[in-house]
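Asker: Mind looking at a prediction? Sequence and model below.
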Amino acid sequence: MAADAIRTPPGLAGVVVASTALGGIRGHEGFFHYRQYSAPDLAETRTLEEVWHLLHQGSLPTELELAEFRHRIGGLRLLPDDLIDLIGNVARVGEDILALSWVRTAVSLVAQHMGLTPWLGQTREALEEQATRLAAVMPTIVAAGWRARNGLAPVPPNPRLRIAEDFLRMLRGTTPDARSARALEQYLILTIDHGFNASTFTSRIVASTGADLGAGLTAGTGALSGPLHGGAPVHCLRMLRSIGTPERADSWIRESLARGDLIPGFGHRVYRTEDPRSTMLRGVAEGFDDPLVDLAVRVEKTILEALHAHRPDHELRTNVEYYAGVVLHLAGVPEELFPACFAVSRSIGWTAHMLEQMEGNRIIRPDSDYVGPQASGSFLI
């Protein structure tokens, strides 16, 4: 290792690699924010479009700015029929729809159709337009691909509707009730951004090379597809179904822990308190009159008690994935689309981070510590 190099911990844990004005996490406080606002407070009181404006434009919009922004992104959700057909063909390929490979490929197709090129030398206005369009079409991509995979005709977007409501309408073919649309919207707001997680960091690395925004969005989607990053809501929902009743929770969790199984929906890399996203989503779930919610709340209590007894030295609390699975299910999102739904919201954060990376950009190029056999300057003959 070079004399001036700094040895870093595995996974870059605790290492600050960049500055950002988009938001942050205070893990020991159980607090995270978008710019200067508490993210859960925004999810409680604002719409997805308002929070999108905040991250991309730097401020919450006035009524006039919000109306103009909604009109703008509403029109950008539209895609030509030939591209919708291509997305459908891509979505029908492969066995595992959870893997996000079809979304990753569809995003790349859309970026190519947009004619995106390396961003160096382009104006800020042009790049902001590209970023907005890429994030705007994500619900259309996911809905069209899922319907094609299930043998259903695509439902074109309605630019007059808010994003979450229109996303559910494009999936179902019918207008959702207000409670379901708002529940999905609150989930989407809470998952727009969350520090320098793997997919966000990946998007910024790609942007730092000068590559086009579509390349960064495609790479971010690829990073999100990993089972260690964002895939747990499906497994949390399936866990609840497997447990079945609150009375079975104690034996189920203790048998799982005895086998050394990981319990989905508990523990977080950053938080040492309950994940604030989980706290809010529990409240969103409790707004539905459904037995699944009572099961989730009672099972959560049993799991936390068992985890504490099993590992009293570890602070394992409920994370966002546990109630995300419940809320997405109750809102009417098919469970095989949970990871893709995460990509819909996170695309707003990825594009905001890429635009920020472009300001005063320097290519991200860390060093590595060689630990192989001793090298020499001579060649083997």
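Answerer: In hand now; what should we look at?
Asker: correct me, but residue 109 touches residue 84?
Answerer: No - applying Cβ atoms under 8 Å as the test, residue 109 and residue 84 come out as separate, 10.6 Å apart. Just so you know, the C-beta spots here come from the backbone N, C-alpha and C atoms, and that holds for glycine as well.
Asker: Between those two, which is the more surrounded one?
Answerer: Comparing residue 109 with residue 84 by other Cβ atoms under 10 Å, the one with more neighbours is residue 84, at 21 against 18.
Asker: gap between the more buried one and residue 31?
Answerer: Remark: distance between residue 84 and residue 31 (Cβ to Cβ, to the nearest Å) = 41 Å.
Asker: ok, and for stretch 89-98, which residues are buried?
Answerer: Going by neighbour count (16 or more other Cβ atoms under 10 Å), the buried part of stretch 89-98 is 90, 91, 97, 98.
Asker: Give me the subset of those residues lying in helices.
Answerer: Using DSSP state H, the subset of the buried residues of stretch 89-98 located in helices is 90, 91.
Asker: closest to residue 281 among the buried residues of stretch 89-98?
Answerer: Among the buried residues of stretch 89-98, residue 98 lies closest to residue 281 (Cβ to Cβ), at 20.2 Å.
Asker: Per-residue confidence at that closest one, what does it come out as?
Answerer: Residue 98 is assigned 76 on the pLDDT scale.
Asker: Surely it touches residue 342?
Answerer: No - the criterion here is Cβ under 8 Å, and residue 98 misses it with residue 342 at 11.1 Å.
Asker: So residue 21 belongs to a strand, correct?
Answerer: No - Residue 21 is assigned coil when assessed by DSSP: H, G, I helix; E, B strand; the rest coil, not a strand.
Asker: show me the contacts for it.
Answerer: For residue 21, the contacting residues are 35, 356, by Cβ atoms under 8 Å, 6 or more residues apart in numbering.
Asker: Please repeat the previous calculation with a cut-off of 10 Å.
Answerer: By Cβ atoms under 10 Å, 6 or more residues apart in numbering, the contact set of residue 21 is 35, 36, 55, 58, 352, 356, 359.
Asker: where along the stretch 1-150 of the chain do the helices fall?
Answerer: Assigned by DSSP state H, counting those that start in this stretch, the helices in the stretch 1-150 of the chain fall at 39-45, 48-57, 63-76, 81-91, 101-113, 124-149.
Asker: which parts of the fifth one are buried?
Answerer: Read it as helix 101-113. For helix 101-113, the neighbour count (16+ other Cβ under 10 Å) marks 101, 102, 103, 104, 105, 106, 107, 108, 109, 110, 111 as buried.
Asker: Same list (those) but as JSON lines, adding distance to residue 71.
Answerer: Output for the buried residues of helix 101-113, formatted as JSON lines (distance: Cβ to Cβ, whole Å):
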{"residue": "101", "distance to residue 71": "34"}
{"residue": "102", "distance to residue 71": "30"}
{"residue": "103", "distance to residue 71": "26"}
{"residue": "104", "distance to residue 71": "29"}
{"residue": "105", "distance to residue 71": "30"}
{"residue": "106", "distance to residue 71": "25"}
{"residue": "107", "distance to residue 71": "24"}
{"residue": "108", "distance to residue 71": "28"}
{"residue": "109", "distance to residue 71": "26"}
{"residue": "110", "distance to residue 71": "21"}
{"residue": "111", "distance to residue 71": "23"}
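Asker: Could you list the low-pLDDT ranges of this structure?
Answerer: Applying pLDDT under 70 to the chain flags the ranges 1-6, 377-381.
Asker: where along it do the strands fall?
Answerer: Using DSSP state E, the strands assigned to the chain run over residues 23-26, 31-34, 37-38.
Asker: Which one of those lies nearest to residue 262?
Answerer: Judged by Cβ to Cβ, the one of the strands of the chain that comes nearest to residue 262 is strand 23-26, at 22.2 Å.
Asker: got the contact list for the closest one?
Answerer: Contacts of strand 23-26 (Cβ under 10 Å, 6+ apart): 31-37, 39, 54-55, 192-197, 268, 270-271, 273, 276, 349, 352-353.
Asker: if we can go back for a sec, what would the helices of the stretch 1-150 of the chain look like in JSON lines with distance to residue 206?
Answerer: Formatted as JSON lines, the helices of the stretch 1-150 of the chain follow (distance: least, Cβ to Cβ, whole Å):
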{"stretch": "helix 39-45", "distance to residue 206": "25"}
{"stretch": "helix 48-57", "distance to residue 206": "18"}
{"stretch": "helix 63-76", "distance to residue 206": "22"}
{"stretch": "helix 81-91", "distance to residue 206": "21"}
{"stretch": "helix 101-113", "distance to residue 206": "12"}
{"stretch": "helix 124-149", "distance to residue 206": "13"}
